[in-house]
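Enquirer: here is a sequence together with a model predicted from it:
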Amino acid sequence: MNFETKRLILRSITENDAQDIFEIRSNEIVNQFIKRKKTESIKDALDFIQLINKNEENKKGFYFGICEKESDKIIGTVCLWKFSEDFKKAELGYELLPQFHHLGIMSEAVGFIINHGFKVLNLERIEAFTSRNNQNSIKLLSKFNFNRNEKRSDENNAENLIFELSL
């Protein structure tokens with residue numbers, strides 16, 4: 001499944017993208033606010049690609065590589081995953097190589113995915129979990145009118161704040 005925005009291609013991730021996924025998921029700056037096991041090898045990247053493809057097949061998530069139109073190289077990812085049982089709620093996730101920060105790329109990708117989630121997938125709510133220290137992520141979510149839910153906390157990571165956007 002591929003989508004096009006003004007400057008980007010959002011596309012399915014294949015095993016041919018293992019090197020790109022490795023570069024993203026092993027990057028210290030990308031990982032500084034994410035509590036996950038660091039990708040340490042191409043095999044780890046391939047395992048991750050197989051997992052996301054299996055989740056897509058089982059309708060547990062939609063995960064896209066972000067590419068500039070001039071290149072097939074994946075420079076980031078954006079996803080909707082952790083769908084509720086009734087498919088009315090999903091979690092938004094995203095990551096981008098540091099050299100592409102502050103260029104509006106993630107705003108373009110996230111804007112498309114939010115629109116797709118509400119208009120095509122008929123979601124009623126999208127959630128996002130981000131570190132209280134990740135000011136760029138908080139700014140991005142605020143740009144799209146996500147509101148912090150101060151009554152909820154992330155039981156897996158006390159540093160995370162939870163943001164929600166409803167139709």
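Expert: Yep, that arrived. Note that the structure is a prediction, hence the values are computed from the model and not measured.
Enquirer: need the helix or strand of this protein with the lowest average pLDDT.
Expert: Within the chain, confidence by mean pLDDT, DSSP states H and E is lowest for helix 28-31 among all helices and strands, at a mean of 85.
Enquirer: tell me how far that one is from the chain's mean position?
Expert: Between the centre of helix 28-31 and the centre of its chain there are 14 Å (C-alpha atoms, centre = their mean, to the nearest Å).
Enquirer: again, but for stretch 80-89
Expert: On C-alpha atoms, centre = their mean, the centre of stretch 80-89 falls 15 Å from that of its chain.
Enquirer: now stretch 113-132: average pLDDT?
Expert: Across stretch 113-132, the average pLDDT comes to 94.
Enquirer: repeat for stretch 59-76
Expert: For stretch 59-76, the mean per-residue pLDDT is 92.
Enquirer: if we can go back for a sec, next SSE downstream of the least confident helix or strand of the chain?
Expert: Later in the chain than helix 28-31, the nearest helix or strand by DSSP states H and E is helix 42-57.
Enquirer: by contact count, what packs against that following helix?
Expert: helix 18-25, strand 61-68 (3 or more C-beta pairs under 8 Å, 6 or more residues apart in numbering; DSSP states H and E). Where you see a C-beta, it was placed from the backbone N, CA and C, and this is true even at glycine.
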